[in-house]
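Student: sequence and predicted structure are below.
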Amino acid sequence: MADRARVRVGTRTRRSLAKLVVGVAFWAWVVLRWLNDWAGGVVVPRQQPFVPPSLFTGLANGVPDVVPFVADALGAVAFAVEFLPTLVDAFWLTIVLTGVATVLGFCIAVPLAGARVYGRLSAWLALGYVELFRGTPLLAQLFVLYYGLPWLPAFFRELPWVGAGFLPGQAVFVAILGFTLNSAAYQAEYIRGAVESVDPGQLLAARSVGLSRIQGIRFVVFPQALRYAIPGWTNELVYLIKYSSLAAFITVPELFQAAQGIASTNYRYTALFVLSGLLYLALVVTATTLMEYVGNAVSVPGVSGTGSR
Amino acid sequence: MSADDLLRVDDLHKRFGDEEVLKGVSFEMAPQDVQVLIGPSGSGKSTLLRCVNRLTEYEQGEITLDGTPTSEMDENDLRRQVGMVFQDFNLFAHRTAKGNVTLGLRQVLGLSKEEADSRAMAQLDQVGLADQADSYPAELSGGQKQRVGIARALAMDPKLLLFDEPTSALDPELIGEVLGVMRDLADQGMTMLCVTHEMGFARQAATDIMFLDGGQIVEHGPPDTLFEDPERERTGQFLERLTSLHGDDG
Amino acid sequence: MPCPVPVPGGLSPDWQYVLENACYLGDGLAVTIELTVVSLLVGFAAGLPAGVVEVYGHRSGSRPVRWASGLVRNAGVVLRGTPIVVIIMLTYFAAGISPAFLAATVSLGFRSAAYQAQIFRGAIESVDRGQMEAARAVGLSKVQSIRHVVLPQALRRSVPGFQNEVTIVLKDTSIAFAIGLAELLTNSYDLFQSIGHTTAIFEVILFVSGLYFVLTVSANRALEALNDAVAIPGGERG
């Protein structure tokens, strides 16, 4: 007899409501910052904070020495306020790198997974690709693309508009290529695992109704497989968010690079790495929350990757 | 109600969330009684069993084992005295048949390896599985698994044995061997509280049959009375349905 | 440093360069392997108790255990949500943990612990609830039940996830590049950045990637053998 003592509450709890409010406020502020800077500094000059840090340092000075923590806290806020604009500017590139690479990687991963499961010669080629990109460090792959194939960055540099206007420089494109190829390999494995966990009886039933193999795969296997793949895929998304930081090593001006850059001028390494760490964390939490929402929205009783049966 | 009842359940209430599953159940069992509990699914039979060995906690009522309220006992101590046999066997998958029996003997009763081994072998012999002592659960048939489950529970030398639909997960041809073991236990004077649909077993071995419906005991009595001349119509209807499904085998 | 690796003639100068410096790369390889093994051990030592606490802790009767369970969960979220680059920089530059090998081991180790805790948690939760019930029904205490019934089965089921973790840690040792630790990727970077040999980068990286690949495959095969060795007879599928 099922123990129904631990019933999951589906409606909003106080805690998840607080999380939602904080999340929305955070992203609203981030978007405002971006819009401000891209429009050339509409509300405040580019990379200048909305609220001047001097406000907080002033407050900190005004607080009596009896309460030391408050002064320190205000000082920390002032620091954060001063440098967050620059960090958030670079944050945009992190998000772009992750988003584009994930989507492009998915487009490659689906046929790759299909080849792995259903192909013959293509299965071997796909296996080679996947083993190669999953068996070597991402950083080494980036080095190969950027330093090892000098014609590659040159190729991107020659493309029109690259580096000018709002299109980023060639290093970013090389980074996107590297992340895409790498991510495709991992996503292919998650999708393959999901496809293989669909009961073979499903395809059998589809064929017996008269659907062709392709139709069976498209209308019966994949819809289920994609739902099973959600946890693994979310995993890969989080992975890419964090490893986009490696692009710093091939001169891409993303978040980690920005934090390092500032720290080399004022030596406040801890504070800046903690700040950038918080931004990464915010992105990761947002991504997992969104994917949880997506998972629930598309969930069908009995077909779930969360392990509940 | 007598002072030397082995088990006494007084006004037991249990709710899961908004639903009250047990609505004031009371009964007693004397030593060597074989009590069979029947009823439609959802009537709370399994829940009742789990309350007796406190695998499930209850809100209201009192359960007394051999004069001591179970709520006052250390739960591990209680479960040493009350054994349980599960519908899904729940054999420890990573241990052999013998290993399943010796685990409790060594860790709970503190027996030495030799003592535990010999007692386990004796117990497995009693259920007819001495030659399977070194087999793993995955290598055993359903009936064999359940007999190991019974041996595991018996090895602890319990005062009371709880059976939660012990044959419901078995293929029909394997039910007989388990019921045989249960009948032998009853003959040897084991006190047993069984949830089961096997009416043949109930007719032959039970001292009392309780009909539980909607969280309450609708009627209870010796097998002959209940089968030939039940007081309530519901009882008769339910028994008829059961017998036509499960017959008189066993 | 003279290197005993024979350099066959007739190779391109870039490949010759790689083979001449094979021992230098070999030193880096040794550091990479040490880093991987130590980090995984740290991760196991911290991750297994963390996983157990996370599964069973929040329902515990005692306050400190519940508190520990919450702490473990939140620490895990932070460790799994922060880029390893940031973690290692904080460890080395901010917290000043020195030397670089220690900083790298601490960073990789505790991050691995956070991931291993999830692996063990998943494995523990995949063990049928009936196993725990049967153990309790026989009279075993909660701790005894976890130790004698749940964990033996959970650990066997953790091997595939652990396999995954091994390859991840192995590849992530390359992040020690950021703090100048002389592991495999750092040494290869030195090689192809040195004057006059920048054309050799492709060969160097290819060679080094081959080494990583060989390590990954060997580790996977070894763990698969382990998986077979500890499997429960009778065809229990993990």
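Tutor: In hand now; what should we look at?

Student: roughly how far does the nearest residue to residue C:90 once chain neighbours are set aside sit from residue C:173?
Tutor: Nearest residue to residue C:90, sequence neighbours excluded (Cβ to Cβ, 6 or more residues apart in numbering or on different chains): residue A:273, at 4.9 Å. All C-beta spots, glycine's among them, are computed from the backbone N, C-alpha and C. Using Cβ to Cβ, to the nearest Å, residue A:273 is found at 20 Å from residue C:173.

Student: centre-most residue in chain C?
Tutor: Nearest residue to the geometric centre of chain C (Cα atoms, centre = their mean): residue C:169, 3.5 Å.

Student: that one contacts residue C:110, doesn't it?
Tutor: No: assessed by Cβ atoms under 8 Å, residue C:169 is found out of contact with residue C:110, at 11.7 Å.

Student: now do the shared contacts for these two.
Tutor: residue C:43 (Cβ atoms under 8 Å, 6 or more residues apart in numbering or on different chains).

Student: what sits against the residue nearest to the centre of chain C?
Tutor: Counting by Cβ under 8 Å, 6+ apart, residue C:169 makes contact with C:36, C:39-40, C:43, C:108, C:112.

Student: returning to that earlier point: can you give me the neighbour number for the residue nearest to residue C:90?
Tutor: Residue A:273: 25 surrounding residues under other Cβ atoms under 10 Å in any protein chain shown.

Student: from residue C:92, how far off is it?
Tutor: Distance from residue A:273 to residue C:92, counting by Cβ to Cβ: 10 Å.

Student: ditto for residue B:42
Tutor: Using Cβ to Cβ, residue B:42 is found at 61 Å from residue C:92.

Student: between the two, which is the more surrounded one?
Tutor: Comparing residue B:42 with residue C:92 by neighbour count (other Cβ under 10 Å), the higher total belongs to residue C:92, at 24 against 14.

Student: mind naming the longest helix for the chain?
Tutor: Assuming you mean chain A. Across chain A, the longest stretch assigned as helix under DSSP state H is helix A:68-118.

Student: wrong one, chain B
Tutor: Counting by DSSP H, the longest helix found in chain B is helix B:172-187.

Student: who does it touch, helix- and strand-wise?
Tutor: helix B:142-155, strand B:192-195, helix B:199-205 (3 or more Cβ pairs under 8 Å, 6 or more residues apart in numbering or on different chains; DSSP states H and E).

Student: and the next helix or strand past the longest one?
Tutor: Scanning forward in sequence from helix B:142-155 by DSSP states H and E, the next helix or strand is strand B:160-164.

Student: that following strand packs against which elements?
Tutor: Packing partners of strand B:160-164 (3+ Cβ pairs under 8 Å, 6+ apart): helix B:45-52, strand B:82-85, strand B:192-195.

Student: angle of it against helix B:142-155?
Tutor: 150 degrees (axes from the mean of the first three to the mean of the last three Cα atoms, to 10 degrees).

Student: let me know the angle separating strand B:160-164 from helix B:172-187.
Tutor: Counting by the same axes, to 10 degrees, strand B:160-164 points 160 degrees away from the direction of helix B:172-187.

Student: am I right that the residue nearest to residue C:90 falls within a strand?
Tutor: No: going by DSSP: H, G, I helix; E, B strand; the rest coil, the assignment for residue A:273 is helix, not a strand.

Student: how much space between the one residue in chain B that gets nearest to chain C and residue C:137?
Tutor: Using Cβ to the nearest Cβ, the single residue of chain B nearest to chain C is residue B:138, 2.7 Å away. For residue B:138, the distance to residue C:137 equals 21 Å [Cβ to Cβ].

Student: who has more neighbours, those two?
Tutor: residue C:137 (27 against 14).

Student: follow-up on the earlier one: in what helix or strand does the residue nearest to the centre of chain C lie?
Tutor: helix C:151-172.

Student: let me see the mean pLDDT of that helix.
Tutor: Averaged over helix C:151-172, pLDDT sits at 89.

Student: circling back to that earlier point, lowest mean pLDDT across the helices and strands packed on helix B:172-187, which one is that?
Tutor: Confidence, taken as mean pLDDT, is least for helix B:199-205 of the helices and strands packed on helix B:172-187 (a mean of 91).

Student: which other helices and strands contact that helix?
Tutor: Other helices and strands packing on helix B:199-205, by 3+ Cβ pairs under 8 Å, 6+ apart, are strand B:34-38, helix B:172-187, helix B:223-228, helix B:233-246.

Student: helix or strand with the lowest mean pLDDT in chain A?
Tutor: Every helix and strand in chain A was compared by mean pLDDT, DSSP states H and E; the lowest is helix A:53-62, with a mean of 73.

Student: distance from it to the middle of the chain?
Tutor: For helix A:53-62, the gap between its own C-alpha mean and the chain's C-alpha mean amounts to 35 Å (Cα atoms, centre = their mean, to the nearest Å).
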